[in-house]
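Engineer: From the sequence below, what's the structure:
(2 chains)
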Amino acid sequence: MSFLVVIEQRKGVIRNSSVEVWRNVQHLAAISGQRDVAGVIAGDVDRDHIRQRCFGKGTIYTLRQRGLHDYSPQAYTESILHIVDRTGAESVFLANTAMGRDLAPRLAMRMDASLASDCIVGHDEAGLLKAETRMYAGTVSVVIQGLRNRTVYSMAPGIYRPEGPAENAVAVVDEDGISVSESNPVLQKIVYHTGRKDIAESDIVVAGGRGIGGSENFALLESLAAALDGAVGASRSAVDEGWRPHSDQIGQTGKSIAPRLYIACGISGAPQHLAGISGAETVVAVNRDREAPIFKVADYGIVGDIAEVLPDLEQAVLDLQREK
Amino acid sequence: MNIAVCINQVPDTASRVEVRDGAIEGGYLNMVLNPYDEYAVEEALRVRERQENTVVTVFSAGEKGRYDVLRKALAMGADHACLVEGGSSNDSRSVAASLSKAIRSCYEGLPDLVFCGRESSDCNRAQVPVMLAEMLGMAVLTAVSKLSMENGAFRAWREIEGGMEEYLLFKPSVISVEKGLNVPRKTNIKAVMKARKQPIVHLDGSVDNQQGVQYLDLSPVSRERKCRFAQTAEELARLLHEEGRVVGQ
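Structural biologist: I've put the predicted structure just below:
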């Protein structure tokens, strides 16, 4: 019985979402009968960085071959399957990121495994894993029962955050000699957006909807986000208006995020939007309309115009930070 | 060139989904073509406009209630529509197996391209396109938000967190499409009337031992939180500060 975590790195840095999955799986292994945990990272990642990011027990295999530093669907699938075989893993875990969503079904099919997507994984009284997911814009929850011998879990961000293990007994093992066949599709290049924080990886996200009135008003959100060291996102209406690119969209047809603080500005709170923020810890709503549904799902609210509220909030934040 | 497009039906986004006795109360849901599949149909039609002798066939796995979404695709301009019967419509792996069987029965060999939506907007699992590709033995790229043809191959872009990946993709392949790829055409009354008269081909999609998962214990989710209203921005900042949300995470 063993667990394998596929750990994602971009530019040599292990993503927060993968650290979260690793912690979850360490936790599950500890409470569900001391199963072995292994990890696999494709790409050239510094050993110390791995040991700093992934605490606990187990072996993490690194695949440093050429052609594996950036995500390549076929090469990743084949080389990770090699580690699945080597570790005898029955359960494979990934974060439900752009890479995870592409890779998880490929692995599941090659392993003839069940696939649980965008799920939270816990355990029942007997210590068996129990996966749950949501449907219909997050309004219905269901338990996923795997019917095949093995299962691949692609895990939703942020909903469940155990403390990481304190112990650091992870062994890092270079696994080379895996040959990868020619691939289709072939990655040509990756263009990273510069100077913009990624909403999926930020602890604080400030987002705007149609209610902010125009694309120019995103400057107010940018400014507040800069003060908080957060990222700026948008609702579907703001994206449909052309005020922001689709990559900024939060919600059912955009990204699911799990920041510690989410500030919704001029967002009414349609179920499709809420589907993308169910992992958020503290939700703040700023809206002119006191009856807006967003207030029903917020921890804190303020009724007012963003042109007045946001600059004041930013100033108050800066003052508090200065006091520190 | 042969292009297959796989489409699904979903409750329209205005539908309120209710759970009763552990099941979805489906009777009064208004079912529509999955929005992501509209981009898939549109992209297939655009490829046909640029490539002579291209035939676009849409497939949907499920019951006869799917005639409406198949006809919608015909009204948009698809050449043929097939209803794939006899499989399960809930489990992705079973659906992929039914579609794979139907697609194989339809073509000598494989189609050059299969377009799918990135995911269905009801369950958001994004599983069928990759499963189908694996079953058909075709290459696959998911969540493509920009696509161009280049000497018989495709240049495809996909959004990742904080950036874009650019790929070269060779036929035959499955492409799942993301919002932003195109703006689907509107259908006009004449096209809708014509689509009504077009035949829907019935194909056998019955499969054995393909079920991957089953879904149990459906229950409604409450998202309500208790909102504390602040009168001023300063008060709000102070409340957040007390929660450790403003300085020092």
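Engineer: in chain A, what spans have low per-residue confidence?
Structural biologist: Along chain A, segments meeting pLDDT under 70 span A:34, A:159-164.
Engineer: what's the single longest strand in it?
Structural biologist: Ranked by residue count and defined by DSSP state E, the top strand of chain A is strand A:114-123.
Engineer: For that one, buried residues please.
Structural biologist: For strand A:114-123, the neighbour count (16 or more other CB atoms under 10 Å in any protein chain shown) marks A:114-121 as buried. Every residue, glycine included, has its C-beta placed from N, CA and C.
Engineer: ok, for residue A:212, nearest residue in space, not its chain neighbours?
Structural biologist: Computed as CB to CB, 6 or more residues apart in numbering or on different chains, the closest residue to residue A:212 that is not its neighbour in sequence is residue A:266, at 3.8 Å.
Engineer: of all the buried residues of strand A:114-123, which two lie farthest apart?
Structural biologist: Spatially, the most separated pair among the buried residues of strand A:114-123 is A:114 and A:120, at 15.9 Å (CB to CB).
Engineer: Can you give me the neighbour number for residue 29?
Structural biologist: Because you didn't say which chain, this covers chain A. For residue A:29, the neighbour count with other CB atoms under 10 Å in any protein chain shown is 22.
Engineer: that answer is for a different chain, and I need it for chain B
Structural biologist: Residues near residue B:29, counting by other CB under 10 Å: 18.
Engineer: I'd like the distance between it and chain A.
Structural biologist: Residue B:29 is 10 Å from chain A, where distance means CB to the nearest CB, to the nearest Å.
Engineer: and that residue, helix, strand or coil?
Structural biologist: coil (DSSP: H, G, I helix; E, B strand; the rest coil).
Engineer: contacting residues for it?
Structural biologist: Taking CB atoms under 8 Å, 6 or more residues apart in numbering or on different chains as the criterion, residue B:29 is in contact with B:11, B:15, B:17.
Engineer: Tell me if I'm right that the last one and residue A:140 touch.
Structural biologist: Yes. Contact status for residue B:17 versus residue A:140: in contact at 6.2 Å, counting by CB atoms under 8 Å.
Engineer: Now for these two: what residues contact both?
Structural biologist: The contact sets of residue B:17 and residue A:140 overlap at residue B:24 (CB under 8 Å, 6+ apart).
Engineer: picking that back up, give me every residue that touches the residue nearest to residue A:212.
Structural biologist: With contact taken as CB under 8 Å, 6+ apart, residue A:266 is in contact with A:208-213, A:286-288, A:306.
Engineer: where does residue B:114 land on pLDDT?
Structural biologist: Looking at residue B:114, its pLDDT reads 98.
Engineer: Could you check how far it is from residue B:140?
Structural biologist: Note on residue B:114: its distance to residue B:140, by CB to CB, to the nearest Å, is 8 Å.
Engineer: do the same with residue A:205
Structural biologist: 31 Å.
Engineer: Same question for residue A:153.
Structural biologist: Counting by CB to CB, the gap from residue A:153 to residue B:140 is 21 Å.
Engineer: which outside residues touch stretch A:312-319?
Structural biologist: A:223-224, A:227-228, A:286, B:232-234, B:236-238, B:246.
Engineer: can we see that at 6 Å?
Structural biologist: A:223-224, A:227, B:233-234, B:237, B:246 (CB atoms under 6 Å, 6 or more residues apart in numbering or on different chains).
Engineer: What is the burial count for residue A:186?
Structural biologist: 18.
Engineer: what bridges to the nearest residue to it once chain neighbours are set aside?
Structural biologist: Leaving out its chain neighbours, the residue that sits closest to residue A:186 by CB to CB, 6+ apart is residue B:168, at 4.7 Å. Note on residue B:168: beta-bridge partners by DSSP bridges are residue A:186, residue B:155.
Engineer: now residue B:159
Structural biologist: Bridge pairing for residue B:159 - DSSP bridges - gives residue B:164.
Engineer: hey, which helix or strand in chain B has the poorest pLDDT?
Structural biologist: Within chain B, no helix or strand scores below strand B:23-24, which has a mean of 84 by mean pLDDT, DSSP states H and E.
Engineer: and the next element down the chain from that strand?
Structural biologist: Going down the chain from strand B:23-24, the next helix or strand is strand B:31-33, by DSSP states H and E.
Engineer: The residue nearest to residue A:186 touches residue A:187, doesn't it?
Structural biologist: No. Residue B:168 lies out of contact with residue A:187 (CB atoms under 6 Å); the separation is 8.3 Å.
Engineer: returning to what we had before: quick one: buried ones out of the contacts of residue A:266?
Structural biologist: Buried among those by 16+ other CB under 10 Å: A:208-212, A:286-287, A:306.
Engineer: buried residues in stretch A:290-298?
Structural biologist: The neighbour-count check on stretch A:290-298 (16+ other CB under 10 Å) flags A:292-298 as buried.
Engineer: of these, list those near chain B.
Structural biologist: Applying CB under 6 Å from any CB of the partner chain to the buried residues of stretch A:290-298, one finds that A:295-298 fall near chain B.
Engineer: Could you tell me whether residue A:194 really is in a helix?
Structural biologist: No. Residue A:194: not assigned to a helix; according to three-state DSSP it is coil.
Engineer: Return the residues in contact with it.
Structural biologist: Here residue A:194 is in contact with no residue (CB under 6 Å, 6+ apart).
Engineer: picking that back up, looking at the buried residues of strand A:114-123, which is nearest residue A:239?
Structural biologist: Within the set of the buried residues of strand A:114-123, residue A:118 lies nearest residue A:239; the separation is 20.8 Å, counting by CB to CB.
Engineer: Now do the strands in the stretch 151-300 of chain A.
Structural biologist: A:151-155, A:168-174, A:186-192, A:204-208, A:231-234, A:261-265, A:282-287, A:300-303 (DSSP state E, counting those that start in this stretch).
Engineer: Kindly reformat those as JSON lines and extend each row with distance to residue A:48.
Structural biologist: Output for those, formatted as JSON lines (distance: least, CB to CB, whole Å):
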{"stretch": "strand A:151-155", "distance to residue A:48": "26"}
{"stretch": "strand A:168-174", "distance to residue A:48": "9"}
{"stretch": "strand A:186-192", "distance to residue A:48": "24"}
{"stretch": "strand A:204-208", "distance to residue A:48": "28"}
{"stretch": "strand A:231-234", "distance to residue A:48": "27"}
{"stretch": "strand A:261-265", "distance to residue A:48": "30"}
{"stretch": "strand A:282-287", "distance to residue A:48": "33"}
{"stretch": "strand A:300-303", "distance to residue A:48": "40"}
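Engineer: before we move on, back to that, determine which two of the contacts of stretch A:312-319 are furthest apart.
Structural biologist: A:223 and B:234 (17.0 Å).
Engineer: For stretch B:151-162, which outside residues touch it?
Structural biologist: Under CB under 6 Å, 6+ apart, the answer for stretch B:151-162 is A:98, A:192-193, A:198, A:200, A:247, B:141, B:143-148, B:164-170.
Engineer: Filter those residues down to the buried ones, PyMOL style.
Structural biologist: PyMOL command restricting the contacts of stretch B:151-162 to the buried ones, with burial defined by 16+ other CB under 10 Å:
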select buried, (chain A and resi 98+198+200+247) or (chain B and resi 141+143+144+145+146+147+164+165+166+167+169)
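Engineer: what helix or strand does residue A:142 sit in?
Structural biologist: Using DSSP H and E, residue A:142 sits in strand A:140-146.
Engineer: looking at the sheet around residue A:123, what are its partners?
Structural biologist: The partner list for residue A:123 in beta bridges (DSSP bridges) reads residue A:129.
Engineer: Run a quick neighbour tally on residue B:227.
Structural biologist: Residue neighbour count, defined by other CB under 10 Å, stands at 18 for residue B:227.
Engineer: does it really touch residue A:295, like I thought?
Structural biologist: Yes. In this structure, residue B:227 is within contact of residue A:295 by CB under 6 Å, at 4.8 Å.
Engineer: Overlap of the contact sets of the two?
Structural biologist: Common contact partners of residue B:227 and residue A:295 (CB under 6 Å, 6+ apart): residue A:301.
Engineer: mind listing the helices for chain B?
Structural biologist: For chain B, the helices defined by DSSP state H occupy B:35-50, B:67-76, B:92-106, B:128-136, B:189-197, B:233-242.
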